[in-house]
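**Student:** Return atomic coordinates for the entry below.
(one chain, ligands or ions: 1)
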Amino acid sequence: MRDPNEYKEFSRLTNGSLLINEPMDRHTSWKIGGPADLFIEPSGVEELKTALFLAVEKGIPVTIIGAGTNLLVRDGGIEGIVIKISGGFSEIIADKNIISAGSGVKLNRIALFARDSGIGGLEFLSGIPGTVGGAVVMNAGAYGVSLSDIINQVFCIDFKGNEYVYSSDQLDWGYRKSIFQEKELIVTRVLLQGEAKAESLIAADMEKIISSRREKQPLEYPSAGSVFKNPSGSYAGRLIQESQCQGMQIGDAQVSLKHANFIINRGNATASQVLSLIDLVRETVKSKTGFSLEVEINILGRC
Ligand SMILES: Cc1cc2nc3c(=O)[nH]c(=O)nc-3n(C[C@H](O)[C@H](O)[C@H](O)COP(=O)(O)OP(=O)(O)OC[C@H]3O[C@@H](n4cnc5c(N)ncnc54)[C@H](O)[C@@H]3O)c2cc1C
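**Tutor:** I've put the predicted structure just below:
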């Protein structure tokens with residue numbers, strides 16, 4: 001924990017929107033996580049640049065988050081400043097079949113906006129609860145389509161405030177992988193490429209996706225979606241199911257009975273309980289099937 005006096009200048013320059021010791025369970029879909037030393041939701045690019053400038057100048061570590069739907073924050077919280085990309089990055093407009101969205105826009109909103117604009121190809125975003133910035137970083141996907149299939153350009157800034165524009169072919173996409181996982185870059189806006197499609201057809205496809213998610217996923221409990229990546233040649237969920245891990249529970253963290261690749265928070269789960277359960281599932285799957293599962297979620301913070 002740093003000396004709060006160190007943060008005074010921050011507070012002044014960020015219109016007082018800075019929070020100290022902000023519990024991260026308020027900002028993760030798992031509803032788990034200790035406090036961030038400092039926390040800010042910038043009102044736009046300029047405030048983001050100010051926060052970055054001060055953090056770099058003072059040597060304060062920076063963590064960027066979106067909607068926190070793919071994060072496990074450890075119980076010790078996060079050192080330094082957490083910058084949440086949200087409402088300050090919420091503009092969305094369409095030009096022909098291209099949608100320009102601020103990185104804080106939620107994927108569900110983009111799917112609805114595309115439907116209302118008669119732009120198809122983005123239906124798979126329905127029901128993925130994150131922001132488009134987080135989705136680009138993770139190359140999120142579902143039903144055989146990923147962000148890499150619809151990205152046209154990505155606008156971002158580095159920690160010094162320099163701005164860059166990447167085209168899709170520069171982003172070294174892979175399964176749940178993009179160049180942003182290795183570089184210190186913050187996504188601020190994206191251009192998404194769709195195609196003309198009748199609103200009624202888009203609506204029908206979105207409806208199918210949403211009901212399939214409701215049927216298969218334990219949406220009634222806090223989670224971070226799929227915990228493990230699918231190993232090549234198999235599916236993590238199937239391996240976990242075959243290894244009879246469903247229902248395994250440590251504290252309030254439980255391997256979902258509805259979807260084997262989800263770990264749900266049944267009330268007051270801690271990050272250390274989730275991490276112990278992840279280890280238990282990995283060991284069990286390894287010994288029963290020979291597959292080594294790799295986590296898909298991002299694990300952050302102090303032990
Ligand atoms: C119920 C449920 C269902 C889900 N279903 C799916 C699914 O079908 N497919 C799928 O792929 N995922 C799924 N997820 C996981 C998650 O929603 C996606 O990975 C999502 O795209 C993450 O976005 P986020 O804004 O929540 O990012 P966060 O979880 O906040 O962050 C994820 C990563 O991106 C970084 N990051 C976030 N925003 C930015 C930014 N603007 N600039 C730079 N870095 C940034 C963070 O540092 C972190 O490394 C699901 C999650 C839940 C809870």
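
**Student:** Tell me the pLDDT of the residue nearest to Y143 when sequence neighbours are not counted.
**Tutor:** Nearest residue to Y143, sequence neighbours excluded (C-beta to C-beta, 6 or more residues apart in numbering): F124, at 4.9 Å. Using the backbone N, CA and C atoms, a C-beta is placed for each residue, glycine as well. Note on F124: pLDDT of 98.

**Student:** K208 is in contact with F124, correct?
**Tutor:** No - if you go by C-beta atoms under 8 Å, F124 and K208 don't touch, sitting 10.9 Å apart.

**Student:** Which one of the two is surrounded by more residues?
**Tutor:** F124 (22 against 12; other C-beta atoms under 10 Å).

**Student:** For the more buried one, give its distance to the ligand.
**Tutor:** Distance, F124 to the ligand, using C-beta to the nearest ligand atom, to the nearest Å: 8 Å.

**Student:** Assign that residue to one of the three secondary structure states.
**Tutor:** helix (DSSP: H, G, I helix; E, B strand; the rest coil).

**Student:** OK, contacts around it?
**Tutor:** 141-145, 209 (C-beta atoms under 8 Å, 6 or more residues apart in numbering).

**Student:** quick one: which of those is nearest the ligand?
**Tutor:** A142 (3.7 Å; C-beta to the nearest ligand atom).

**Student:** Am I right that A101 is in contact with I85?
**Tutor:** No - taking contacts as C-beta under 8 Å, A101 lies outside contact range of I85: 11.9 Å.

**Student:** For this structure, which segments count as helices?
**Tutor:** Taking DSSP state H, the helices of the chain run over residues 8-13, 45-58, 107-116, 132-138, 147-150, 199-216, 236-242, 271-289.

**Student:** Quick check on I32: phi, psi?
**Tutor:** phi -140, psi 150 (degrees, to the nearest 10).

**Student:** unless I'm mixing things up, it is touching L72, no?
**Tutor:** Yes - contact criterion C-beta under 8 Å: I32 and L72 qualify, at 6.7 Å.

**Student:** shared neighbours, these two?
**Tutor:** Counting by C-beta under 8 Å, 6+ apart, the residues touching both I32 and L72 are 271, 274.

**Student:** Which residue of the two possesses the greater neighbour count?
**Tutor:** Set side by side, I32 and L72 show more neighbours around I32, with 26 against 23, by other C-beta under 10 Å.

**Student:** Any residues of the stretch 151-300 of the chain in contact with the ligand? List them.
**Tutor:** By C-beta under 6 Å from any ligand atom, the residues of the stretch 151-300 of the chain that approach the ligand are 180, 186-187, 217, 219, 223-225, 298.

**Student:** can you rerun that using 5 Å?
**Tutor:** Counting by C-beta under 5 Å from any ligand atom, the residues of the stretch 151-300 of the chain close to the ligand are 186-187, 225, 298.

**Student:** Could you point out which residue ranges in the protein have low pLDDT?
**Tutor:** Within the chain, the stretches with pLDDT under 70 are 1-7, 9, 11-16.
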